[in-house]
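# Here is a sequence together with a model predicted from it:
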Amino acid sequence: MCPAVHRIRDMQMNHAPVTGGMQLPYREKTASAVTERGLNDMSKTIAVTSGKGGTGKSSICAGIGYTLAKQGSRTLIIELDFGLRCIDIIFGMSGQIKHDLSDVLTGKVSAVDAVARVPMASNLFVLCAPKNPFLKVTVQQIIDICQSVRKYYDYIIIDTGAGINNHVFDIVEQANLILVVTTPDPICVRDAQMMSDEFYARGNRRQRLIINKVSKKALGAELVRDLDEIIDTIGVQLIGVIPEDYQLVIATGKGEPIPSTAPSLAAFDAISKRLRGEPTPLTVKIG
Ligand SMILES: Nc1ncnc2c1ncn2[C@@H]1O[C@H](COP(=O)(O)OP(=O)(O)OP(=O)(O)O)[C@@H](O)[C@H]1O
Ligand SMILES: [Mg+2]
């Protein structure tokens, strides 16, 4: 069956309409659908991915990881963006990482021992990407690493590199849930659609959509009509909308916690609640 048919079917079952206005009404149906589909079972692996680079995947991994941990879920972020490590900077741990994935892949330490605790949230842990962009890794190695640590965590979040290539697909589709990230930029939307179609073509329907960096300016530029248009184009059920937020940029750049007043924090908090199966309305303030 062609990907579009899968997408339309999924939409019919779960379509959660939103508007492009300031307040985005969100059907509770979405959150319960996540639970119904068994994504709320023990130790979930969530892969965060996008077709285009710079959509905010790493920031989103960090934001969701942070809020899941604050909500009481023991969470591990595994950074699979080889050579482009940034999660240590985001959490203020630059220069403090003793082991990374390269030590695990070369057998120097076990994955359990390579994990580092994040100082700003007691339930949050990271396994950082190797600094070497050319280090070889197989899908089976990643599966083995996830298997070896999953019993210690409620959630494992996998931060991937951007791009449509077999390697990313093979790894990402092992996850219990794929979060496809886009921004309102039409090029980004197209790439997200192509990525999602490929997952559907491979039979993977456990996808949810995050629209990041949403601002009145982006919507007002008439590049896209509204958020509905983005959701319809990509054909994946929405799990969250994250506003463009300069406070997030500053906090992640300085390695500090996201301020409680930051609009992105409220969005991350709501997404994490939905992932935990708590019905949470989608109300986003777009500046
Ligand atoms: N909601 C947001 N509002 C404003 N800026 C954001 C937001 N989300 C991410 N950014 C910024 O966008 C840039 C790219 O973010 P990030 O590194 O998280 O993207 P990425 O998808 O992981 O990139 P890559 O594809 O290179 O791995 C960063 O400067 C980040 O601070
Ligand atoms: Mg990244």
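On my side now, so go ahead. Ligands and ions are numbered 1, 2, ... in the order given.
# Look at Asp81 and say how many residues are nearby.
Asp81 has 21 neighbours, counted by other CB atoms under 10 Å. C-beta: built from backbone N, CA, C; applies to glycine.
# Could you find the closest non-adjacent residue to it?
Of all residues not flanking Asp81 in the chain, Gly161 sits nearest, at 4.3 Å (CB to CB, 6 or more residues apart in numbering).
# I figured the one you found hits Cys86, correct?
No: Gly161 lies out of contact with Cys86 (CB atoms under 8 Å); the separation is 11.2 Å.
# who's the residue of the stretch 101-250 of the chain at minimum distance from ligand 2 bridged to?
As assessed by CB to the ion, ligand 2 sits closest to Asp159 within the stretch 101-250 of the chain, at 5.9 Å. Under DSSP bridges, the beta-bridge partners of Asp159 are Val48, Glu79.
# contacting residues for it?
Contacts for Asp159 (CB atoms under 8 Å, 6 or more residues apart in numbering) come out as Val48, Lys57, Ser58, Cys61, Ile77, Ile78, Glu79, Leu80, Asp81, Ile87, Ala129.
# what's the burial count for the first one?
The local packing of Val48 (other CB under 10 Å) involves 27 other residues.
# Okay, it and ligand 2: tell me how far apart.
Counting by CB to the ion, to the nearest Å, the separation of Val48 from ligand 2 is 9 Å.
# Model confidence for that residue, exactly?
The per-residue pLDDT reported for Val48 equals 94.
# Next, the contact list for it, please.
Lys57, Ile60, Cys61, Ile64, Ile157, Ile158, Asp159, Thr160, Leu179, Val181, Ile210.
# Confirm the third one sits in a helix?
Yes: residue assignment for Cys61, taken from DSSP: H, G, I helix; E, B strand; the rest coil, places it within a helix.
# Just give the nearest non-adjacent residue to it, would you?
Leaving aside its sequence neighbours, Cys61 sits nearest to Asp159 (CB to CB, 6+ apart; 4.2 Å).
# what about the one you found, distance to Pro259?
Distance, Asp159 to Pro259, by CB to CB, to the nearest Å: 22 Å.
# what does the chain have sitting close to ligand 2?
Lys57, Ser58, Asp81 (CB under 5 Å from the ion).
# would you turn those into CSV with secondary structure and pLDDT?
Below are these laid out as CSV (DSSP: H, G, I helix; E, B strand; the rest coil; pLDDT from 0 to 100):
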residue, secondary structure, pLDDT
Lys57, helix, 96
Ser58, helix, 96
Asp81, coil, 80
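# Out of those residues, which are close to ligand 1?
Among these, the residues lying close to ligand 1 (CB under 6 Å from any ligand atom) are Lys57, Ser58, Asp81.
# Just the element for Leu247, please.
Just so we're on the same page, residue 247 is Gln rather than Leu. Secondary-structure element containing Gln247, defined by DSSP states H and E: helix 246-254.
# For ligand 2, what's its nearest residue on the stretch 1-150 of the chain.
For the stretch 1-150 of the chain, CB to the ion, closest residue to ligand 2: Ser58, 3.3 Å.
# That residue against Cys86, yeah?
Yes: in this structure, Ser58 is within contact of Cys86 by CB under 8 Å, at 5.3 Å.
# quick one: which of these two has more around it?
Set Ser58 next to Cys86 and count neighbours by other CB under 10 Å: Ser58 wins out with 24 against 19.
# quick one: contacts for that one?
Glu79, Asp81, Cys86, Ile87, Ile90, Asp159.
# That one and Ser73, how far apart?
On the measure of CB to CB, Ser58 and Ser73 end up 19 Å apart.
# show me where the stretch 101-250 of the chain has strands.
For the stretch 101-250 of the chain, applying DSSP state E, counting those that start in this stretch gives strands covering 116-117, 124-127, 155-159, 177-182, 207-214, 238-243.
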